[in-house]
Each structure stands twice: as C-alpha cells, then as structure tokens.
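In: Structure here, sequence nowhere to be found:
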C-alpha cells in the first residue's frame, strides 16, 4: 500500500528507499551500541569518553529521525522496529558486560569506519536517482567522519 505519493519515479524510489532504510538501521544500531558502551565503560578516561559517547548517540538519533522522515517523504515507510534492527544490523556491536575505555574507543572507531564505508557506497548508489538524498547522506558522512576522528584521537599515542 502506498500512502504517500513519491516525487520520484519507482526505480529511483526503490534505490533511494533501500539506501535510506539501511542507513536508518545503521544509525539506530550505532545509537544502541553507543549507549551500551556508555553504560558499561570503565577505566581512567571514563568520564571524557562517557560524555563523548552521549554526543555520538545524539548525532545518530538525530540523523536517524532525519533519514526516516526523508524516506517517508519519498513514499517509503521507514522501519525502525527492534526486530528489524536486530535482524538487519551488520555493524560491529558492543560485547556484554564492562568494557575498558581503550576497548570502547576501538569499538566505536571500527563501528564508525564500517558505517562510513557503507554510507559512501550509498552516496554513489543514489547519485543518479536522488540528489537530495545524496546530499543528506553526504552531510551524515561528514558528521560521522568527524566523530570517528574524535574517537580515534583518543588512541594516541599508539602502542
């Protein structure tokens, strides 16, 4: 059933909708991973990274809303149900229990790198179909790359 008429032709709507849905899954997964690490981090850099994780979660949640609303505007119903996220998420996730601050930083850097690589593929995929969505994905990539840089800077000096 189509409730919202799409401004895009069907083939463009399909490609763009797929890119937005997989981005929504990644963002909701990233926000959950960030919160899990936020609640379970231990170590000498606890406070700084604990607060930095809150910033990351806020970015992920804010962009998730924007991505979902973009999909809806294109006539694609966004699916953020827990079972959808659990079955579709392929980004690295947090382990169970306490995590050392160094483990958290490494996990977040790896998760962001994976999300960014997938976003760059989607940017290319939607280029011929919807420049507005491409612009949204470019802005999101810019923000996640900034977050990756900030977490990666916590790794210095490297061993």
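Out: Everything's here; your move. Fair warning: this is a prediction, and the values are worked out from it, not measured in the lab.

In: Every contact and neighbour count from this point should use C-alpha atoms.
Out: OK.

In: Show me where the protein has its strands.
Out: Per DSSP state E, the chain carries strands over the ranges 41-42, 99-100.

In: Identify all contacting residues around the last one.
Out: What that stands for is strand 99-100. 37, 40-43 (C-alpha atoms under 8 Å, 6 or more residues apart in numbering).

In: go on, the first one?
Out: Residues from elsewhere that reach strand 41-42 (C-alpha under 8 Å, 6+ apart): 50, 98-101, 104.

In: Do me a favour and average the pLDDT over it.
Out: Mean pLDDT, strand 41-42: 98.

In: tally of neighbours for residue 135?
Out: 14 (other C-alpha atoms under 10 Å).

In: Just give the closest residue to the residue nearest to the spatial centre of the chain, not the sequence neighbours.
Out: Centroid-nearest residue in the chain: residue 27, 2.8 Å away (criterion: C-alpha atoms, centre = their mean). Nearest residue to residue 27, sequence neighbours excluded (C-alpha to C-alpha, 6 or more residues apart in numbering): residue 60, at 5.2 Å.

In: how about the one you found, what does it touch?
Out: Applying C-alpha under 8 Å, 6+ apart, the residues near residue 60 are 27-28, 30-31.

In: what do you get for residue 8?
Out: 74, 130.

In: Pull up the gap between it and residue 16, please.
Out: 9 Å (C-alpha to C-alpha, to the nearest Å).
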